[in-house]
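Enquirer: sequence first, predicted coordinates after that:
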Number of protein chains: 2
Amino acid sequence: MSSISIIGSGNMARAIGTAALRAGNTVEIAGRDAVKTADAVRALGDGATAGTWGAPPSGDIVILAVRFDGALPVVTEYGQALAGKVLVDITNPFRGDLGGMSVPDDTSAAQLIAQAAPASTRVVKAFNTLFAHIVAAGDPVDVFLAGDDPQSKASVSAFITGLGLRPRDAGGLSMAHWLEGAGLLAVNLARTGLGFDFSLGVNTGASK
Amino acid sequence: MSSISIIGSGNMARAIGTAALRAGNTVEIAGRDAVKTADAVRALGDGATAGTWGAPPSGDIVILAVRFDGALPVVTEYGQALAGKVLVDITNPFRGDLGGMSVPDDTSAAQLIAQAAPASTRVVKAFNTLFAHIVAAGDPVDVFLAGDDPQSKASVSAFITGLGLRPRDAGGLSMAHWLEGAGLLAVNLARTGLGFDFSLGVNTGASK
């Protein structure tokens, strides 16, 4: 079990919060809007508490569950409050037309967030390839992750395993660029005929 | 059934050739090395023939199954021999260290191949996310594809369905950039613990 802080109170915040509580973790929700935060805490129920926006999160693992266009300002605003934390970036920097990314071609949301965060913050990319309702459903789907610090990836992997999901290590944080691409791929597969009720995953033992 | 030409005689050429013949297609193999080509044709058996390197392929669908570092020179060398063809690009422009791509950040192997080919050649990206032995095994795995011409994608999708595999349309040819990233993701997932006996795919009905 872990103690989890979630920055944000939207769909993904609630979906991960729901899954985390079901697995026996404690969950702190910190949203910028106090009313929306209280709503989310109430909806999550027992084990959920409200955190203070901008203050050091109480959790060992901090999940940044805001839209990407707000993510860098939020990380800058939190500043040293994120020092020493494992920060899980779940954002996707998709352009509005879903034809590409809003970040430069040679980086990723996760790498920009790592640059904006204190040097002691260890950023792990995860959960960005999953639709919120799939996470909330709790079926054993694959959660791709990437990060440069093995210990942080091990903590996040243990958290994911605790949720009944499958951590799939894609490598260092520079692979976040391609995980964000896999997120874009998932959205485009959805739009070109698959619908949104699926997850990208690994078919193990495909040749058996 | 389709008539398929494969440019190349390596692992992926043989894997796709094997699957194509099993599904009742005719297969022409054109390799630069006549001895290797004859070996591949013999290994594939009934229904396989040798094509002439650089000459117009006989197949309705032409599969470019050479390594990416040779792909652009091959397309240039074929030139007008590829006019009017559906050209399936299965290449991956991975750097040797598997940390990124050998093509510029704002394009893809498929888009560079389309630029090098005659204007009437319709390029479809496909098969690049699959390991050769998975294709050869013939289990019903997902084949992601991308392309700008709906009719060509429909032809390639019908070919894939005929192989017992599942075509998954990711969108226009610019999505090839992210499909190539998904290929890199697959290789890195393999190296970080999954091994090579899997395919990236779609878990449909994940929430049911």
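Expert: Here it is on my side, so go on.

Enquirer: what's the neighbour count on A:Ile16?
Expert: Applying the criterion other CB atoms under 10 Å in any protein chain shown, we find 27 residues in the vicinity of A:Ile16. For the C-beta atoms, the positions are set from N, CA and C on the backbone; glycine is no exception.

Enquirer: that one contacts A:Val135, doesn't it?
Expert: Yes. Applying CB atoms under 8 Å, one finds A:Ile16 in contact with A:Val135, separated by 6.0 Å.

Enquirer: quickly list what's touching both of the two.
Expert: Taking CB atoms under 8 Å, 6 or more residues apart in numbering or on different chains as the contact criterion, the residues that touch both A:Ile16 and A:Val135 are A:Phe127.

Enquirer: does the helix or strand hosting A:Thr18 reach chain B?
Expert: Element membership of A:Thr18, judged by DSSP states H and E, is helix A:11-22. No. For helix A:11-22 and chain B, the contact criterion (CB under 8 Å from any CB of the partner chain) is not met; the two come no nearer than 11.1 Å.

Enquirer: can you check stretch A:163-180 too?
Expert: Yes. Contact of stretch A:163-180 with chain B (CB under 8 Å from any CB) involves A:Arg168, A:Asp169, A:Ala170, A:Gly171, A:Gly172, A:Ser174, A:Met175, A:His177, A:Trp178, A:Leu179.

Enquirer: how far off centre is that stretch?
Expert: Centroid separation for stretch A:163-180 versus its chain: 11 Å, with CA atoms, centre = their mean, to the nearest Å.

Enquirer: again, but for stretch A:118-129
Expert: On CA atoms, centre = their mean, the centre of stretch A:118-129 falls 8 Å from the chain's centre.

Enquirer: which positions in it come out as buried?
Expert: Taking 16 or more other CB atoms under 10 Å in any protein chain shown as the basis for neighbour counts, the residues of stretch A:118-129 that come out buried are A:Pro118, A:Thr121, A:Arg122, A:Val123, A:Val124, A:Lys125, A:Ala126, A:Phe127, A:Asn128, A:Thr129.

Enquirer: need the helices for chain A, in chain order.
Expert: Under the criterion DSSP state H, helices of chain A are mapped to A:11-22, A:34-44, A:68-78, A:109-116, A:132-137, A:150-162, A:176-189.

Enquirer: give me the nearest residue to the residue nearest the centre of chain A, chain neighbours excluded.
Expert: A centroid search over chain A (CA atoms, centre = their mean) returns A:Ile90, at 2.8 Å, as the residue closest to the centre. Across the structure, with CB to CB, 6 or more residues apart in numbering or on different chains as the measure, the residue nearest A:Ile90 apart from its sequence neighbours is A:Phe127 (4.2 Å).

Enquirer: gap between the one you found and A:Gly201?
Expert: Computed with CB to CB, to the nearest Å, the distance linking A:Phe127 and A:Gly201 is 13 Å.

Enquirer: show me where pLDDT drops low in chain A?
Expert: Within chain A, the set of residues satisfying pLDDT under 70 comprises A:205-208.

Enquirer: and the residue nearest to the centre of chain A, what is it in contact with?
Expert: Applying CB under 8 Å, 6+ apart to A:Ile90 gives the contacts A:Met12, A:Ile16, A:Ile63, A:Leu64, A:Ala65, A:Lys125, A:Ala126, A:Phe127, A:Asn128.

Enquirer: next one: phi and psi at it?
Expert: The phi and psi torsions at A:Ile90 (degrees, to the nearest 10) take the values phi -110, psi 10.

Enquirer: about what we covered before: the residues of stretch A:163-180 next to chain B into CSV, with extra columns for neighbour count?
Expert: Supplementary listing: these in CSV, determined by neighbours: other CB atoms under 10 Å in any protein chain shown:
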residue, neighbour count
A:Arg168, 26
A:Asp169, 22
A:Ala170, 26
A:Gly171, 23
A:Gly172, 15
A:Ser174, 16
A:Met175, 30
A:His177, 24
A:Trp178, 27
A:Leu179, 31
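
Enquirer: perfect, that will be all.
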